[in-house]
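> Here's a sequence, model it:
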Amino acid sequence: MRLSSLTATVLTLAVLVALSGIALANPGADLSHIEVRAAADSLSHINAHRPGLPPPALLVPLGNGVEGVLKGHAVADEARIMDAITRRRLNQMVLRVASATVGDRRMALVKLQAGRRSGEFVIEDLRQDAAACLHGVFNSGLKFDHLDLWSVVPGPGMVGDQQEHHPVFSLSISRSDYIAATHRGSRALQDGPELLDRLPGVRYSPVFTRHALPREATDLPKNAFSDPPLTERWDDLLTEAPRRKATAPRAANASVEAIFSGSNESDLVALTIDDGPSPLITPLMLEILEREGVQATFFVVGQVVEHFPALAKLIARGGHELANHSYSHRRINHLSDEETWAEITACDRVVREATGKEMRWFRPPGGRASAGGLRAMASLGYAAAFWSQNAGDWVQPPPEQIVRNATEGLEPGGIILMHQVDMCSVEALPEIISRVREMGLEPTTLSRVAAEGGIVRDDPAAMSDLVNRQISPEY
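Take a look at the predicted model:
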């Protein structure tokens, strides 16, 4: 018996809700994010014969709770942004605008809900809105130096009591890149959506483009990021993992490499920043690091790099070190060796595609790792990276507490762990750098610290036992 389109939609939504509920109620269960994401991705195919009419689950109205549209970092500037972009009569709804400054440099964020209010996905609408926001922000009179723009649809899960926002379009651009893109060619090109074709790192997700009109779905610029997410090819990765080219080097690894801190005879400490990249937060941190003359190591999440490739490119462009923090931020001590291999491999491939950079270090999310997971890591040429100073900023304490956590008891060769997910980390970063230098030390990348000593080698089982005993259960 053949199901109607509406019935299929309802059934798929029921499966999605059930899977999401199981995952949220029992985060330690074997049910993986891949299964939950697969349920979400299956929505992509329900109405494949009706382009421009996405499933209802992708059109649920989104909001930002009691916070409203303005983020509240710099309310006057954010109100100016809102006024500038709404004057241009956008096709998509504005969910959030934000602004913050580092010194005299002003950064902006604009987040939209993808799709027309009538329930259609139209790529040209999305491109026109993006161009309108670029022109509105950079010509607002406030001289913004950077803009992160993204459009979202409802995701499969919840963040607290709010529906998850799943990015389907993103770009990240500086004022200088905007000027370079708009000061060539005809005036019509400057004002139109063709502006986007000149920008690097623009992401169009298939979650959006699969439902767009057929004519428009084939018109994406050649330099855009538009490949399906690796979740859609996860089974291929798991099939690849046990093959001889994966298992032979893994089995041969009698020892694995790791670093917990560098040489205590060095005057260097490693500044490592996990998670992300994150709109607005990452550019602000990069601006601080540039002003202070510091290069850091960014442990990025592959799935997030897929959403925001331009931000990964921005990190690399600043001369910073990129490192692997898995594809989906799952705790690898709960995963099979094959799943761990796939997590590390997927992040590696996404980062290479976005930036062309190779990575040396892998930091297990949460810090814990099984012996098999460490062998899988070593088979891919990675060494494990841990830390000696946990800034604790992931729980978003006051900036002064983050500074104390990062610097009290810091010794030469220390490794500071921070995150790039919230403004409290941005506010703490300059003071952390200042305190480190007052101690006669210099913050730098993990590879520079490791070059002066500190790498340890041990049997994977012994290393796993050491790591799992040292890492706090609360992290």
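> Can you get me a residue count around residue 442?
18 (other Cβ atoms under 10 Å). From N, CA and C alone the C-beta is placed, and that goes for glycine too.
> Quick one, grab the pLDDT at it.
Looking at residue 442, its pLDDT is 98.
> okay, now the spatially closest residue to it that is not a sequence neighbour: neighbour count?
Leaving out its chain neighbours, the residue that sits closest to residue 442 by Cβ to Cβ, 6 or more residues apart in numbering is residue 268, at 5.6 Å. Counted with other Cβ under 10 Å, residues neighbouring residue 268 total 22.
> wouldn't residue 268 be in contact with residue 446 here?
No - Residue 268 is not in contact with residue 446 according to Cβ atoms under 8 Å; the separation is 10.0 Å.
> Just the helices from the stretch 251-400 of the chain, written as ranges.
Remark: helices assigned in the stretch 251-400 of the chain by DSSP state H, counting those that start in this stretch are 281-292, 302-307, 309-317, 337-355, 371-379, 399-407.
> Only the buried residues of the last one, if you could.
To tie it back to what came earlier, the one meant is helix 399-407. 399, 401, 402, 403, 404, 405, 406, 407 (16 or more other Cβ atoms under 10 Å).
> so what secondary structure elements neighbour the helix or strand harbouring residue 109?
For residue 109, the host element (DSSP states H and E) is strand 105-113. Under the contact criterion of 3 or more Cβ pairs under 8 Å, 6 or more residues apart in numbering; DSSP states H and E, strand 105-113 touches helix 75-86, strand 93-102, helix 123-138, strand 146-159, helix 281-292.
> okay, now the nearest residue to residue 198 once chain neighbours are set aside: neighbour count?
With Cβ to Cβ, 6+ apart as the criterion, residue 198 has its nearest non-adjacent residue at 4.2 Å, and that residue is residue 181. As a burial measure, residue 181 scores 20 neighbours (other Cβ under 10 Å).
> One more: residue 133?
Residue 133 has 24 nearby residues by other Cβ under 10 Å.
> isn't it right next to residue 110, touching?
Yes - taking Cβ under 8 Å as the definition, residue 133 is a contact partner of residue 110 at 5.1 Å.
> who touches both of those two?
Shared contacts of residue 133 and residue 110, defined by Cβ atoms under 8 Å, 6 or more residues apart in numbering, are found at 85, 147, 149.
> ok, the first one - contacts?
Neighbouring residues of residue 85 by Cβ under 8 Å, 6+ apart: 94, 97, 110, 132, 133, 136, 137.
> what about the closest residue to the fourth one other than its chain neighbours, is that helix, strand or coil?
The shortest distance from residue 132 to any non-neighbouring residue, by Cβ to Cβ, 6+ apart, is to residue 88 (4.0 Å). Reduced to three states with DSSP: H, G, I helix; E, B strand; the rest coil, the structure at residue 88 is coil.
> what about residue 88, distance to residue 125?
12 Å (Cβ to Cβ, to the nearest Å).
> got it, and residue 222?
21 Å.
> And these two? Which one has more around it.
Using other Cβ under 10 Å as the criterion, residue 222 and residue 125 rank with residue 125 on top: 20 against 6.
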